[in-house]
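Engineer: what follows is a predicted structure for the sequence shown.
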Amino acid sequence: MARTGFCDSKPLLDLHKKVDERRAPLRTWANACGPIDRRQPIADESRMATGKVEPEHRWERRLSMQTSEGIIMGFHEDSRTHTADGCVDEPVLLYPHGLQGLHSLQALVPSLLRHEVEMALEKLNLIWDRTFAWDMFLDMMRTQTWNSLPNTDLPRHFTDATRAVLVDWLIQVHEMMHFQEETLYLAIHLLNRSLRKIQVTTANLQLLGMVCLFLAAKKEECLLPEVSGLCYLMDHTYTKHQLLRMERKVLCGLKFDLSFTSPLHFLLLVASVAHCSAKVVWMARYLLELSLLEGQCVVFQPVQLAGAALCLSRQVLQEPPTPEGEAAWCLAYSIHVGSETVLLRIMQILASAAARAHSRETCATFIKFSGLETMHVSGHPGLKNASSLLGICT
Amino acid sequence: MAHATSIQYEPVAEIGGGAYGTVYKARDTESGQFVALKSVRVQTDQNGLPISTVREVALLKRMEQFDHPNVVRLMDVCATTRSDQETKVTLVFEHVDQDLKTYLEKTPSPGLSPERIKDLMRQLLCGLAFLHSNRVMHRDLKPENILVTSQGQVKLADFGLAKIHSCHMALTPVVVTLWYRPPEVLLQSSYATPVDIWSTGCIFAEMFRRKPLFCGESEVDQLGKIFEVIGLPPEEEWPTDVTLSRTNFPPLMPRPIADFVPEINEQGAQLLMKMLTFDPLKRISALNALEHSYFQDEETLTQKKS
């Protein structure tokens, strides 16, 4: 593990020693995302239709190459050209299959999905007016494809390990500042792009990270920290003047492009459509945050990361399935974009990250998700051999 | 950094004062293309670039990704420090030689054909619908910032700048034309995207007339000129949060719009009146305007022909 100078500022934010005292409430609207009670006529109709069928055959996963599902396929056109592993991605679609007389239900899936997505966006407070919900969702799907990077290459003198140390430190600063979760994801996204766009010496890496967090806060937060406070957190290694100069450098380097479709939004959206339990959501959020530390994850689209985190979370927790839960999951799963291979690869990366999270130096996320508020998800025994779990399931 | 911008973009001419500072035509020394440079000076405090500037420019950047045909291209953004208190943000736009004002002036008598006007209006509304769907209002729409390329393509310019500049605006009172301002702005009531529709209505009429529809000299005079055409609005439509009272104006009845815009056809007149509606909540939206029969009849006609 490459240790860099800025880890010396750790005593300032010693978050590791007093796990229980330092737990700050995660202030985010998304906390309320538990199972949602929906009594919608369309949903009920579909559940009644599926209720008569044998459970084990009711929903089957399969790859679909069809483009007949106009609504769901709408956004796949863009994503097809994005390849994470060199081959052309085919959309993964799950829909009821293998049953007679289900054509009407199949035809119902797009409108059902649309309805559920609209409900979820509203529930998550992401929209004010439901009329625009679906357009906004399609827009999210389209724009998120711009948020993956073409490769995992870092500038010569940086390694994934250095990057992980920096991200881990930013996660701690972010938590101490009580920022929104989105701010963290945006900050790391800006960092990933800045590292490739502007030249920074190793000595200025910490400054770059802090500026990315500061800019993310300017975009997302209502209350901003003082620049002098940020300099204090960096043990006055840099002056205010240097920080503001770096801010301009980053803004110019990124051409002021700070737009980002957060994987967290997709995670909460899919989880809400899938009626996931609070524990599944917390576990998925933990796994998704771990992805920030993994340099290999920058090539994946936000919606892929979110989907993989939720899939893995469900597999790790192994909650007893219910017919309604499975039906909702299948519907939600159709939001996934990309090949099954990509999905599995991300799940493997996350599983191995989770398996060694407790023993790594970069364990801010592990600690953050170990508390009662997050339902102790990071300490779940299932995570220790999550990789082998994946082996069996595939 | 300051040098980087000035080296890449070599100023050729000053093209306008503009409400928000000088606009330069410049040559991009890398590509040889002409660009329009708009610089905004923003006050920077101890916490660097103001949040509003960061957010607004980021929004312009984000919209740029959609590559809308009726919106001027934002090619580059740079930030340079002038002093500890001031940062200059330079927006580099594509340069289009001609605006609607010169385009109308150059058109020989008897003016634009009804088909040409319809085409220009459709493009204008498409661009506007795009801005509005991205939560951006133009706020200062007028023939000078509607660009028309040599191929006849309409491109909206200067949108979103109003917000970036707003704090600066308060400090430097500038003469901005009132002619395209809607009643709610003139009355200093609250306003939103319908402001742009009013301006579009004024421009629509101007395309036929080749001169502005309402040429007021002050806010009150401008309102008076508006009421001469659309009539004095009923008491219940008058906004309650304004200082100017309705009784300051003579009780005028609306006059037929054909008196002012004689060449307009019936559907066009109908659409125009929906745009020049006093109550912003009742004014037509850009999207609905595009659906109006004024635009549809042409399509159905060509369909019938083929």
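Structural biologist: Ah, there it is. None of the values given here were measured: they were computed from a predicted structure. Residues are numbered from 1 along each chain as shown, chains lettered A, B, ... in the order given.

Engineer: from now on I want contacts and neighbour counts done on CA atoms only, so please keep to that.
Structural biologist: Fine.

Engineer: just checking, which helix or strand of chain B averages the lowest pLDDT?
Structural biologist: helix B:161-171 (a mean of 49; mean pLDDT, DSSP states H and E).

Engineer: ok, then the element right after that one?
Structural biologist: helix B:183-186 (DSSP states H and E).

Engineer: for the stretch 151-300 of chain A, which residues are neighbours of chain B?
Structural biologist: A:218-219, A:226-227, A:244, A:247-248, A:251-252, A:255-259 (CA under 8 Å from any CA of the partner chain).

Engineer: inside strands: which ones of the residues you listed?
Structural biologist: Using DSSP state E, no member of these falls within strands.

Engineer: any idea which of those is closest to residue B:85?
Structural biologist: For those, the closest approach to residue B:85 (CA to CA) belongs to residue A:244, at 11.7 Å.

Engineer: how close does residue A:364 sit to chain B?
Structural biologist: Here residue A:364 is placed at a distance of 28 Å from chain B (CA to the nearest CA, to the nearest Å).

Engineer: what's the burial count for that residue?
Structural biologist: 24 (other CA atoms under 10 Å in any protein chain shown).

Engineer: touching, it and residue A:171? I think so.
Structural biologist: Yes: Residue A:364 lies in contact with residue A:171 (CA atoms under 8 Å); the separation is 6.7 Å.

Engineer: mark which of the residues of the stretch 151-300 of chain A next to chain B are buried, thanks.
Structural biologist: A:218-219, A:227, A:244, A:247-248, A:251-252, A:255-259 (16 or more other CA atoms under 10 Å in any protein chain shown).

Engineer: helices - which of these land there?
Structural biologist: Assigned to helices by DSSP state H, the following of those qualify: A:218, A:219, A:227, A:244, A:247, A:248, A:251, A:252.

Engineer: of all pairs in these, which one is the farthest apart?
Structural biologist: The widest separation within these (CA to CA) is 19.3 Å, between A:227 and A:252.

Engineer: would you mark the buried spots in the helix or strand where residue A:324 lies?
Structural biologist: For residue A:324, the element it lies in under DSSP H and E is helix A:323-333. Of the residues in helix A:323-333, A:324, A:326, A:327, A:328, A:329, A:330, A:331, A:332, A:333 count as buried by neighbour count, 16+ other CA under 10 Å.

Engineer: now do stretch A:124-136
Structural biologist: A:124, A:126, A:127, A:133, A:134, A:136.

Engineer: can you pull the phi/psi pair for the last one?
Structural biologist: Here the main-chain torsion angles of residue A:136 (degrees, to the nearest 10) amount to phi -70, psi -40.

Engineer: kindly report the same for the second one.
Structural biologist: Listed backbone geometry of residue A:126 is phi -90, psi -10, with angles given as degrees, to the nearest 10.

Engineer: just the pLDDT for the closest residue to residue A:140 other than its chain neighbours.
Structural biologist: Spatial nearest neighbour of residue A:140, excluding adjacent residues (CA to CA, 6 or more residues apart in numbering or on different chains): residue A:261 at 6.4 Å. Reading off the confidence values, residue A:261 has pLDDT 93.

Engineer: what's the answer for the one 10 residues further on, then?
Structural biologist: Looking at residue A:271, its pLDDT is 94.

Engineer: is it within a helix or a strand, and which one?
Structural biologist: Residue A:271 belongs to helix A:263-273, assigned by DSSP H and E.

Engineer: C-terminal to that helix, what's the next element?
Structural biologist: Downstream of helix A:263-273 (by DSSP H and E), the next one is helix A:278-293.

Engineer: now do the buried residues in the helix or strand that that next one is followed by.
Structural biologist: Toward the C-terminal end, the helix or strand that comes next after helix A:278-293 (DSSP H and E) is helix A:302-317. By 16+ other CA under 10 Å, the buried positions in helix A:302-317 come out as A:302-317.

Engineer: is residue B:12 part of a helix or strand, or is it coil?
Structural biologist: On the three-state scheme (DSSP: H, G, I helix; E, B strand; the rest coil), residue B:12 is labelled strand.

Engineer: ok, now which ones touch the spatially closest residue to it that is not a sequence neighbour?
Structural biologist: Take residue B:12 and drop its neighbours on the chain: the residue closest to it by CA to CA, 6+ apart is residue B:26, 4.8 Å away. Residue B:26 sits next to B:9, B:10, B:11, B:12, B:13, B:34, B:35, B:36, B:37 when contact means CA atoms under 8 Å, 6 or more residues apart in numbering or on different chains.

Engineer: would you list those in JSON lines and tack on neighbour count and pLDDT?
Structural biologist: JSON lines is the format used below for these (neighbours: other CA atoms under 10 Å in any protein chain shown; pLDDT from 0 to 100):
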{"residue": "B:9", "neighbour count": "24", "pLDDT": "89"}
{"residue": "B:10", "neighbour count": "18", "pLDDT": "89"}
{"residue": "B:11", "neighbour count": "18", "pLDDT": "87"}
{"residue": "B:12", "neighbour count": "13", "pLDDT": "89"}
{"residue": "B:13", "neighbour count": "12", "pLDDT": "89"}
{"residue": "B:34", "neighbour count": "20", "pLDDT": "92"}
{"residue": "B:35", "neighbour count": "26", "pLDDT": "93"}
{"residue": "B:36", "neighbour count": "26", "pLDDT": "91"}
{"residue": "B:37", "neighbour count": "25", "pLDDT": "90"}
